[in-house]
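Chemist: Task: produce atomic coordinates for the following.
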Amino acid sequence: MSRNDYRNSTDLLTPTLALAIWAAHFSLVWAASSIFPDMPAARWIAVLLTIAALAGLVWLWRRSGVRSPTSIPGLGIAIAAAGIAFDLLPALFG
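Modeler: Residues are numbered from 1 along each chain as shown. This is a model prediction of the structure:
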């Protein structure tokens with residue numbers, strides 16, 4: 001590797017996609033709770049969206065070949081998974 005080579009081998013796409021999944025999940029759960037306030041339909045939609053979002057994170061984990069949650073991609077997926085789980089709580093108990 002030459003001295004002027006500034007390429008970075010860190011996978012930044014995986015945590016970016018994981019956080020995008022979390023943002024999409026939050027937006028859709030919030031929209032469902034706004035459209036169907038205090039209705040069981042909003043809770044079922046939130047549960048189904050959570051399952052889909054977590055499945056997306058599992059797919060992302062396998063696609064990127066993350067070996068450890070302490071790596072940057074693994075940490076991004078772990079933070080997104082915690083955020084998705086936290087987004088579900090108000091729908092279930094709120």
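Chemist: Show the average pLDDT along the helix or strand hosting A53.
Modeler: Using DSSP states H and E, A53 sits within helix 40-64. Across helix 40-64, pLDDT averages out at 95.
Chemist: can you give me the helices for the protein?
Modeler: With DSSP state H, the ranges of helices along the chain come out as 13-35, 40-64, 72-93.
Chemist: and the helix holding A53, how far from the chain's centre?
Modeler: Relative to its chain's centre, helix 40-64 lies at 8 Å (CA atoms, centre = their mean, to the nearest Å).
Chemist: buried ones in that helix?
Modeler: 42-43, 45-46, 49-50, 53-54, 56-57, 60-61, 64 (16 or more other CB atoms under 10 Å). Any C-beta I mention is one placed from the backbone N, CA and C, and that applies to glycine too.
Chemist: ok, now stretch 13-26?
Modeler: Buried, per 16+ other CB under 10 Å, within stretch 13-26: 14-15, 17-18, 21-22, 25-26.
Chemist: List the contacts of the residue lying closest to S33 once chain neighbours are set aside.
Modeler: The shortest distance from S33 to any residue other than its chain neighbours is 4.8 Å, reached at A42 (CB to CB, 6 or more residues apart in numbering). Shown in contact with A42 (CB atoms under 8 Å, 6 or more residues apart in numbering): 32-33, 35-36, 91.
Chemist: re earlier: got the angle for the helix holding A53 vs helix 13-35?
Modeler: 170 degrees (axes from the mean of the first three to the mean of the last three CA atoms, to 10 degrees).
Chemist: Helix 40-64 relative to helix 72-93, how many degrees between them?
Modeler: Using the same axes, to 10 degrees: helix 40-64 against helix 72-93 is 170 degrees.
Chemist: For ChimeraX, write the select line for the buried members of the contacts of A42.
Modeler: Typed into ChimeraX, the line below selects the buried ones among those, using 16+ other CB under 10 Å:
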select :32,33,91
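Chemist: Mind picking the two most distant members of the contacts of A42?
Modeler: Farthest apart among the contacts of A42 by CB to CB are I35 and A91. That separation is 12.7 Å.
Chemist: how close does D11 sit to M39?
Modeler: D11 sits at a distance of 41 Å from M39 (criterion: CB to CB, to the nearest Å).
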